[in-house]
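Participant: sequence-free structure coming up:
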């Protein structure tokens, strides 16, 4: 057993938001300020560490193509640091419970008697399109949205995607950039080649890149714009919502001002 | 035409987060501090208005059963205030683009030459369950989540729900509390009476109420706990995730410590 030295070990799982360091919550900032240790990874903005003045900062990054720590190692580090130093903040890109494996970290820590608090974050699934003026829902175009991962435990495309592609929901895919040709194929097989689709890389940051097209054209557009992982994929009529709505509103405004 | 008096009218659509005023983003706070006018409603926490020291505060609340402004009236108020006073912050519960009608407000304002900025927020669709330790996704239990509204434009239950109920996605329903018996019926007709379900009202606030059960038992449990609108409904195995995972982790910890 690991020696239990700190009298009140705790873990706060903090969602760092979509990228822009100002999109963290006030509660997240306060947790960082109070932290004894911060475990962070490549998806969190480096400026956020400035809030954690008194904390040890430990990089536990893992990113597609640049593998470093396993999830099991991160779980064990959280426990080891909390038991030795007290308050650990695990800073995670987006929201801790949206494909963030935060739940596994919480359950593992609690098994060692560590008190866990959750600070939800702004998820890129909603915010990356929003910052491009693409609403995941809007009246008349989309009554729901379905968020999926492109990369499941087995490395395969999620089976849920085959069902999602048949629905009228806005479909948002995280960690799916490398599977874009397979995603496109699923929609093409359903005769949905004309459906609008957008890819957004590094949302809300200065190096943000966006590709907008249709299922049939997006692979070439994304190639030309050199969009790589991690990016958010959004599929549905909402990608064109602004064009459609502007036509409608401008007509309305024109009529009123006559 | 409305007289165009202010030289730089602007609108910031700010997501106020799930309820707890500390779950607003830093960017949202800065927008409030800079605002000339704040338009807010019943779903945003009153403490947030304290950030808007120099602003006029205008209540434009509408809530099921307590109808006040129409969306068209709110759109027009945004434009009128921006053109007269400058920087309008429209403070909205959750995220502005998740059933928030923020998109309509944006497009309407832009048609009058008003510059619009979006500040995404923490959505209750993810955060309300998270704060009850229910992850919308977690390995082995759920590879995706589907967010729907219980109340569509026509007042009917969304057709998407019939498809969602057949999927393996975690299903999250906003504004569906009053339709709970109909939602339950859809799942029962699919033989899914045993599926776990949770209702969370006033998430993250002191008067938070939670009902957890199965499709077959939830109507009675929610009645007994007097859970009313607005509440978030979460359906799927993830509602029991903590129980399932704790068993697994405790076995693992036990084995390691021998």
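Facilitator: Here it is on my side, so go on. Given the structure is predicted, the values throughout are model-derived calculations rather than measurements. Residues are numbered from 1 along each chain as shown, chains lettered A, B, ... in the order given.

Participant: Might you report the residue contacts of residue A:75?
Facilitator: With contact set as Cβ atoms under 8 Å, 6 or more residues apart in numbering or on different chains, residue A:75 has these partners: A:104-105, A:108-109. Every residue, glycine included, has its C-beta placed from N, CA and C.

Participant: Please identify which helix or strand holds it.
Facilitator: Element membership for residue A:75, per DSSP states H and E: helix A:71-85.

Participant: sorry, back to before: kindly reformat the contacts of residue A:75 as TSV and extend each row with neighbour count.
Facilitator: Below are the contacts of residue A:75 laid out as TSV (neighbours: other Cβ atoms under 10 Å in any protein chain shown):
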residue	neighbour count
A:104	21
A:105	24
A:108	23
A:109	24
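
Participant: After the helix holding residue A:75, which helix or strand is next?
Facilitator: Moving toward the C-terminus from helix A:71-85, the next element (DSSP H and E) is strand A:87-92.

Participant: Check which helices and strands that next one is in contact with.
Facilitator: Packing partners of strand A:87-92 (3 or more Cβ pairs under 8 Å, 6 or more residues apart in numbering or on different chains; DSSP states H and E): strand A:10-15, helix A:26-34, strand A:37-40, helix A:71-85, helix A:102-111.

Participant: 6 Å - rerun?
Facilitator: strand A:10-15, strand A:37-40, helix A:71-85 (3 or more Cβ pairs under 6 Å, 6 or more residues apart in numbering or on different chains; DSSP states H and E).

Participant: Okay, now the sheet partners of the second one, with direction.
Facilitator: Think strand A:37-40. strand A:56-59 (parallel), strand A:87-92 (parallel) (DSSP bridges).

Participant: Residues of the stretch 101-250 of chain A that sit close to chain B?
Facilitator: A:103, A:107-108, A:111, A:118, A:120, A:122, A:126-127, A:130, A:135-139, A:143-148, A:152-153, A:158, A:160, A:163, A:167, A:169, A:245, A:249-250 (Cβ under 6 Å from any Cβ of the partner chain).

Participant: Take the residues you listed and keep only those in strands.
Facilitator: A:118, A:144-148 (DSSP state E).

Participant: Would you mind listing where the stretch 51-200 of chain A has pLDDT under the threshold?
Facilitator: A:62-67 (pLDDT under 70).

Participant: Which among the residues of the stretch 101-250 of chain A next to chain B count as buried?
Facilitator: Neighbour counting by 16 or more other Cβ atoms under 10 Å in any protein chain shown classes A:103, A:107-108, A:111, A:118, A:120, A:122, A:126-127, A:130, A:135-139, A:143-148, A:152, A:158, A:160, A:163, A:167, A:169, A:245, A:249 among those as buried.

Participant: before we move on, the earlier item: the strands paired with strand A:37-40 into TSV, with extra columns for mean neighbour count?
Facilitator: Formatted as TSV, the strands paired with strand A:37-40 follow (neighbours: other Cβ under 10 Å):
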stretch	mean neighbour count
strand A:56-59	14
strand A:87-92	28
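
Participant: would a markdown table of those strands with distance to residue A:203 be doable?
Facilitator: Shown next, in a markdown table, are the strands paired with strand A:37-40 (distance: least, Cβ to Cβ, whole Å):
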| stretch | distance to residue A:203 |
| --- | --- |
| strand A:56-59 | 22 |
| strand A:87-92 | 16 |
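
Participant: Of those, which is nearest residue B:227?
Facilitator: Shortest distance between residue B:227 and the strands paired with strand A:37-40, using Cβ to Cβ, is found for strand A:87-92: 30.3 Å.

Participant: Relative to the whole chain's centre, how far out is the closest one?
Facilitator: 17 Å (Cα atoms, centre = their mean, to the nearest Å).

Participant: what's in contact with it?
Facilitator: A:10-14, A:16, A:31-32, A:35-40, A:44, A:78, A:81-82, A:100, A:102, A:105 (Cβ atoms under 6 Å, 6 or more residues apart in numbering or on different chains).

Participant: what's the angle between it and helix A:102-111?
Facilitator: Relative orientation of strand A:87-92 versus helix A:102-111 (axes from the mean of the first three to the mean of the last three Cα atoms, to 10 degrees): 160 degrees.

Participant: What angle do helix A:71-85 and strand A:87-92 make with each other?
Facilitator: Using the same axes, to 10 degrees: strand A:87-92 against helix A:71-85 is 150 degrees.

Participant: residue ranges for the helices of the stretch 151-258 of chain A, please.
Facilitator: Taking DSSP state H, counting those that start in this stretch, the helices of the stretch 151-258 of chain A run over residues A:160-164, A:180-189, A:218-224, A:241-257.

Participant: Assign residue A:42 to helix, strand or coil.
Facilitator: coil (DSSP: H, G, I helix; E, B strand; the rest coil).

Participant: How about the contacts made by residue A:97?
Facilitator: A:103, B:130, B:135-136.

Participant: Let's have those in TSV, adding distance to residue B:220.
Facilitator: Listed next are the contacts of residue A:97 as TSV, based on distance: Cβ to Cβ, whole Å:
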residue	distance to residue B:220
A:103	29
B:130	26
B:135	26
B:136	25
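
Participant: Between the residues you listed, which sits nearest residue A:201?
Facilitator: Each of those was scored against residue A:201 by Cβ to Cβ, and residue B:136 proved nearest at 23.4 Å.

Participant: What sits closest to the residue nearest to the spatial centre of chain A if chain neighbours are left out?
Facilitator: Among the residues of chain A, the one closest to the centroid is residue A:124, at 3.9 Å (Cα atoms, centre = their mean). Spatial nearest neighbour of residue A:124, excluding adjacent residues (Cβ to Cβ, 6 or more residues apart in numbering or on different chains): residue A:18 at 4.5 Å.

Participant: follow-up on the earlier one: list just the nearest of the contacts of residue A:97 to residue B:56.
Facilitator: Using Cβ to Cβ, these come closest to residue B:56 at residue B:130, 34.6 Å.

Participant: Next up, the contacts around that closest one.
Facilitator: Residue B:130 neighbours (Cβ under 6 Å, 6+ apart): A:97, A:118, A:120.

Participant: how about the closest residue to the first one other than its chain neighbours, what does it touch?
Facilitator: Right, the one you point to is residue A:97. Excluding the flanking residues, the one nearest residue A:97 by Cβ to Cβ, 6+ apart is residue B:135, at 3.9 Å. Each residue near residue B:135 by Cβ under 6 Å, 6+ apart is listed here: A:97, A:103, B:238, B:241.

Participant: for the third one, what are its contacts?
Facilitator: When you say that, I think you mean residue B:238. B:134-135, B:141-142, B:170.
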